[in-house]
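Peer 1: the sequence and its predicted three-dimensional model are supplied below.
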Amino acid sequence: MNTDVHSSNIKLIYDYAEQAIKVVDASIDRLNVKLGLVFSLDIILIYFFISIADITPFLHCTLCLILRVLSYHFLIFSLCFCLSGFKPKKSGSLILPEELIGKCFDLSDEEYRVVIIDNWNQSLKELAASRDLTSIQLDSAMANLALSAIFAGVSAMASVLLG
């Protein structure tokens, strides 16, 4: 009976670890989509700011010029955080099938699952760290994008009010 409980627990842990990897991987995919959206907004805003700079007379207003330059800087910072977020990161080790055959040929099904669970445990740690770093980079990119939009808006209002 004890062997059946042990086997059942290993199967449960194996299934849980497999599901946890899928959840963390899906979370990373969602973060990458959001990073792509922020990156696209950055590019669109840069294009918009460049095209509007030709028709907006802000050079006579020193405050407007400073605000516009700050807006550009925050857009560039946002782009840098996005690009940094897309940088490949370590995402877990992989046991090749030939290694499993060499190491686990004489093991029972439960012992074989334990070897895989140990590997998945390390992979989960690395995936979670990668997800957390990408999340921080996304938050930073969005904060810089928001600051850029605020400075651009204040610059436009100052240009109208002071111009």
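Peer 2: That came in fine, so what should we check first? Numbers count the residues shown, from 1 in each chain.
Peer 1: mind listing the helices for this protein?
Peer 2: Secondary structure of the chain by DSSP state H: the helices cover 2-53, 62-86, 97-104, 109-162.
Peer 1: okay, now residue 146: neighbour count?
Peer 2: Residues lying near residue 146 (other CB atoms under 10 Å) number 12. For glycine as for every other residue, the C-beta is placed from the backbone atoms N, C-alpha and C.
Peer 1: check the helices of the chain for me: which has the lowest mean pLDDT.
Peer 2: Mean pLDDT is lowest for helix 97-104 among the helices of the chain, at a mean of 71.
Peer 1: and for residue 31, the neighbour number?
Peer 2: Residue 31, neighbours per other CB under 10 Å, totals 19.
Peer 1: again but with residue 88, I slipped
Peer 2: Residue 88: 6 neighbours (other CB under 10 Å).
Peer 1: enumerate every residue touching the most centrally placed residue in the chain.
Peer 2: The residue lying closest to the centre of the chain (CA atoms, centre = their mean) is residue 134, at 2.9 Å. Contact partners of residue 134, counting by CB atoms under 8 Å, 6 or more residues apart in numbering, are 28, 31-32, 35, 85, 89.
Peer 1: what about 6 Å?
Peer 2: By CB atoms under 6 Å, 6 or more residues apart in numbering, residue 134 lies in contact with 31, 85.
Peer 1: tell me the spacing between it and residue 26.
Peer 2: Look at residue 134 and residue 26: by CB to CB, to the nearest Å, they are 13 Å apart.
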